[in-house]
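S.K.: Have a look at this prediction, sequence included:
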Amino acid sequence: MTELRYGRPATPYAEWGFVMDLDAELAFLKRVHAAQAWMLDHARMRVATGAAVAGDRYTAETLGRMLKSYVKELAEEPDGAPYFGRLSFDDTAAAGDHQGQRYHIGRRRITEEQGPPLVIDWRAPVSSLFYRASASDRHGVAVRRRYGWTHRPPIRLTGFEDEHLDLGEESGTSSRLLAEEIERPRVGPMRDIVATIQPEQDELVRADLDQSLCVQGAPGTGKTAVGLHRAAYLLYAHRRQLKRTGVLVVGPNPEFLRYIAAVLPALGEVDVQQRTLEGLLSEQAPVATDSDEAARLKHDARLAEVIRRALNSLISEPDDGIVVADGSFRLRVPVTALRREILQIKNENLPYGVGRDRFRTRIVALLQRQLEYHGESPNRKWLDRTGRARPVTGTLDACWPKVRPEELLTSLLGDASFLSRAAAGILTDAEQSALLWARPPRSFKSAKWSAADLVLLDEIAGAIHHPDGFGHIVVDEAQDLSPMQCRALARRSRHGSLTVLGDLAQGTSAWAADDWREQLAHLGKPDAPVTALTLGFRVPAVVLSYANRLLPDLRVRVPAARSVRSDGELQVRAVPDLATAVSDHVAAALEREGSIAVIAADEHVADFAALAGDRVTVLPATLAKGLEFDHVVVVEPDRIVAAEPRGLNRLYVVLTRAVSRLDVLHTAGVSPSRAAGDRPR
């Protein structure tokens, strides 16, 4: 295995073969840069001429947006490194169609004006061998090469490293360049991991579109990156289908979405919605606050049945038949026929609004049959007019009334008798009382909704009409979703697939899941396989081992992770003055490269706000999930544990945010690892 730094070796004659290889690499790099420049110039030319070749204004606008987006992607290449790996195949039959071929692999395809591409996309089928080929299962790969680059302009090739798989060489996670990329300081938003994807991660990334899967990932195992890269891969492999049905990434909070926002664009994918669940459910922010008990109940799956009953209670049987005058004819539908149709439609288990539309259609069909009996042939215009006739709409509104989600929820939360009828045998009297508003609004128009109410409104809307779905949804931190939140996502993936990401040990919500099977059932994918990632790449071993001491007390069955990194640092210190100690530790951290976070209990975090700066983030513990920093200063872990019922889980999250160095500062004289077993849940 050989690594060459940029420039010629000090003893060129002894290293002559390697020098020639380096010269060839530098010549190839020059050619790639020229191809990139040509691609950008060609794309800009297409933008300039696109309007002229489009057949109409709409096509011109659509084409223009697409071409401008492509130009922007080419002009803003992430890190500027055009490729990160190379595969060289031997001449054996195992290489198949790739016998004797050599492929450079990068984030995107790079091509000259003519001829085969110089760099192939990491998502191309053959690229999978860069991640999966091994000395024992080469698939014809003779040599795998990794490249090192500078990460600040000007971008320069710093070296390369070869694994001669045909000679039994295989570096795995001990690769120096791989380690340098993994351990690179964490400044700014999350980066892609195309250069460091491991075989078990690649299998998940390339799972087919029709397969939903769940990734149980311990801290630092790359579960979020796997989910995002799977979205990018699916858009590459199924672009036409997903262009039509869409891809959605759901994150736990806006800060998390800002953190991951650059990953998919860096991989050349910009047509992906990235939303919080709250933002997906409503454009309006919640303004009301629930009691803990009311919030817990509103997120309970039993509320779905209460809502279903409440909607069904609005449907009633007619007292009279329908008579519609049509020219010289008087068309009649007897009350017995109307009752029969209502009963049949209710038994079809349709969404409420679909059932109402079907009832109208059945009424019109019965009237049409009578007209045809008289020898008439009604056309589409007659059918539409009859469906709007007053006798028809009057019966429809009386028997199957229109309803808005806000109206129904106002009735449920504001009318004790209505709630009692819908919740009988499902909720206790005490639970019903906890749900009821103390002061109901005068109408649904003046109602103020809480975050949990938005979930219920979405459940009602989904029970009236199915929402538009997505071809694929990636949901991160899924262990914190309530059953009702899961149902909201399930409705949007009825005909699509899911990538479910999370860690049961990091469950911090009041309704956090402790079993993936149950959570997947709520998400509508009960048979999705669950895969555990346990090899950590981001969190150093010393930090992960310290946090793992909490696992036995978290009461979830998850495998403990182990880290490939031995470069981390850990300090656990009792200090007499927290303010001074935190300031000193931040000052020391600023003397080193990388991002810094000070994390404290929410009610305590304001004491350290003055330390925030360009590289320093002062963060409440409840917003730390999913984020990474090179250096983390955890302040008073006991207060984090005591702040909420699942405080130990929150502390586990906080302790695993550091990807290089962790300082734990406390005044109580009790370390979180020793206190873990004594803390109540």
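M.R.: Arrived safely.

S.K.: Strands of the stretch 1-150 of the chain, start to end?
M.R.: With DSSP state E, counting those that start in this stretch as the definition, the stretch 1-150 of the chain shows strands at residue ranges 85-89, 102-106, 119-121, 141-149.

S.K.: closest to Lys381 out of those?
M.R.: strand 119-121 (53.2 Å; CB to CB). Where C-beta positions appear, they are placed from N, C-alpha and C, glycine not excepted.

S.K.: Contacts for the closest one next, please.
M.R.: Strand 119-121 is contacted by residues 32, 82-83, 103-110, 126-127, 236 when judged by CB atoms under 8 Å, 6 or more residues apart in numbering.

S.K.: Measure how far it is from the centre of its chain, please.
M.R.: Chain-centre distance of strand 119-121: 26 Å, with CA atoms, centre = their mean, to the nearest Å.

S.K.: Surely Ile596 is in contact with Ala587?
M.R.: No. Contact between Ile596 and Ala587 fails when scored by CB atoms under 8 Å: they sit 10.1 Å apart.

S.K.: neighbour count winner among these two?
M.R.: Neighbour count, other CB atoms under 10 Å: between Ile596 and Ala587, Ile596 has more, with 26 against 11.

S.K.: Return the set of residues that bridge with that one.
M.R.: Taking DSSP bridges as the rule, Ile596 bridges to Val616, His631.

S.K.: and it, what does it touch?
M.R.: Val586, Ala589, Leu590, Arg615, Val616, Thr617, Phe629, Asp630, His631, Val632, Val633.

S.K.: and which of the residues you listed is nearest to Ala461?
M.R.: Comparing these against Ala461 with CB to CB places Thr617 closest, at 37.1 Å.

S.K.: What residue, apart from its backbone neighbours, is nearest the closest one spatially?
M.R.: Residue nearest to Thr617 in three dimensions, not counting chain neighbours: Ala597, with 4.7 Å by CB to CB, 6 or more residues apart in numbering.

S.K.: residues touching the one you found, list them.
M.R.: Ala597 neighbours (CB under 8 Å, 6+ apart): Val616, Thr617, Val618, Leu619, Ala624, Leu627, Phe629, His631, Val632, Val633, Arg657.

S.K.: now the helices: where do they sit in the stretch 151-300 of the chain?
M.R.: 176-183, 199-205, 223-237, 239-245, 254-260, 263-266, 277-281, 292-298 (DSSP state H, counting those that start in this stretch).

S.K.: ok, residues contacting the fourth one?
M.R.: Judged by CB under 8 Å, 6+ apart, the contacts made with helix 239-245 from elsewhere in the structure are Leu209, Leu234, Leu235, Asp271, Gly469, Phe470, Gly471, His472, His495, Gly496.

S.K.: My reading is that the fifth one lies in a strand. Confirm?
M.R.: No. Assignment of Gly469 by DSSP: H, G, I helix; E, B strand; the rest coil gives coil, placing it outside any strand.

S.K.: what's the pLDDT at it?
M.R.: We have a pLDDT of 94 for Gly469.

S.K.: Now it. Nearest residue, chain neighbours left out?
M.R.: Distances taken as CB to CB, 6+ apart put Arg492 closest to Gly469, at 5.0 Å, once the chain neighbours are dropped.

S.K.: coming back round to it: which of the strands of the stretch 1-150 of the chain sits closest to Val500?
M.R.: Taking CB to CB, strand 119-121 is the member of the strands of the stretch 1-150 of the chain nearest to Val500, at 26.0 Å.

S.K.: Give the rounded mean pLDDT of the closest one.
M.R.: 96.

S.K.: circling back: pull the most distant pair out of the contacts of helix 239-245.
M.R.: Largest pairwise distance in the contacts of helix 239-245, by CB to CB, is 19.0 Å, between Asp271 and His495.

S.K.: between these two, who's got more neighbours?
M.R.: Neighbour count, other CB under 10 Å: between Asp271 and His495, Asp271 has more, with 13 against 10.

S.K.: Burial check on the nearest residue to that one once chain neighbours are set aside, number of neighbours?
M.R.: Leaving aside its sequence neighbours, Asp271 sits nearest to Lys243 (CB to CB, 6+ apart; 7.0 Å). The burial count assigned to Lys243 is 12, neighbours taken as other CB under 10 Å.

S.K.: Same check on Leu157?
M.R.: When neighbours are defined as other CB under 10 Å, Leu157 has 20 of them.

S.K.: pretty sure it contacts Ala27?
M.R.: No. Under the criterion of CB under 8 Å, Leu157 is not in contact with Ala27, lying 11.5 Å apart.

S.K.: Pretty sure Ala304 is one of the things Met484 touches, is it not?
M.R.: Yes. If you go by CB under 8 Å, Met484 and Ala304 touch, sitting 6.9 Å apart.
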